[in-house]
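# My questions are about this predicted structure, shown below with the sequence.
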Amino acid sequence: MRRACYVTAAVAALVASAGSVASVTAPDAKSLALRQADFPAPAARMSEKENRSAALPRGTGQAYTTTFQFRVGRRTESIGTIVITAPSASVARRVYAAAVADARKGAVGALRLPRLGDEQYAALYGRPSVDETSGLVWVRKNTVVWQVQATSVRNPLGFSRTAARAELNGYAWKQMRRVGSG
């Protein structure tokens, strides 16, 4: 989780700084993100950050990040999501490219997931023998760029590749349905 959290934090910082390059109305990023109802009870919201005027390459959009934590059997899981709405598909492509370039640096292996958008990148972070392992997916759908990260926290066995893919796939599909056509 440590490396995966750094990836999430680095990309969130990329879009979190406020700026007003152009006043273009982008879809509300917060309304497109996963919500409490998308998780098993009693999931706890661990963090939340919204930026309605995020400075993006050649435009201003919106960014929203949130993380939920819950127990699944003996394992504690953390699911984080980032939703970035851009003023145009070309700006969204630049944001997606920067996010994926940063995400590739710490990945230990690629994950295959069904098609979730126009572009996507999924990877595994950490080692299954380590107590904090995660899977991450970045997706661009038209003008919306989003990320879902599934992390096994305080689990002596971590996530196996199969378990990471299964959890990531489940929450990525929920996120995809929320984003819709982008």
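Structure received. Numbers count the residues shown, from 1 in each chain.
# show me the contacts for Tyr121.
Listed by Cβ atoms under 8 Å, 6 or more residues apart in numbering, the contact set of Tyr121 reads Val100, Ala103, Arg104, Val137, Trp138. C-betas here are computed from N, CA, C, even on glycine.
# out of these, who has the most neighbours?
Top of the contacts of Tyr121 by neighbour number is Trp138, holding 27 neighbours under the definition other Cβ atoms under 10 Å.
# Show me what the strand or helix carrying Val145 is packed up against.
Element membership of Val145 [criterion: DSSP states H and E] is strand 144-153. Strand 144-153 is packed against helix 2-16, strand 75-85, helix 89-104, strand 133-141, helix 161-179, with contacts defined by 3 or more Cβ pairs under 8 Å, 6 or more residues apart in numbering; DSSP states H and E.
# Could you dump the ones you listed into TSV and include distance to Glu48?
TSV is the format used below for the helices and strands packed on strand 144-153 (distance: least, Cβ to Cβ, whole Å):
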stretch	distance to Glu48
helix 2-16	12
strand 75-85	10
helix 89-104	20
strand 133-141	19
helix 161-179	16
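# Spatially nearest residue to the one residue sitting closest to the centre of the chain (excluding sequence neighbours)?
Nearest to the geometric centre of the chain sits Gln147, at 2.1 Å (Cα atoms, centre = their mean). Using Cβ to Cβ, 6 or more residues apart in numbering and skipping the chain neighbours, the partner closest in space to Gln147 is Ile82 (4.3 Å).
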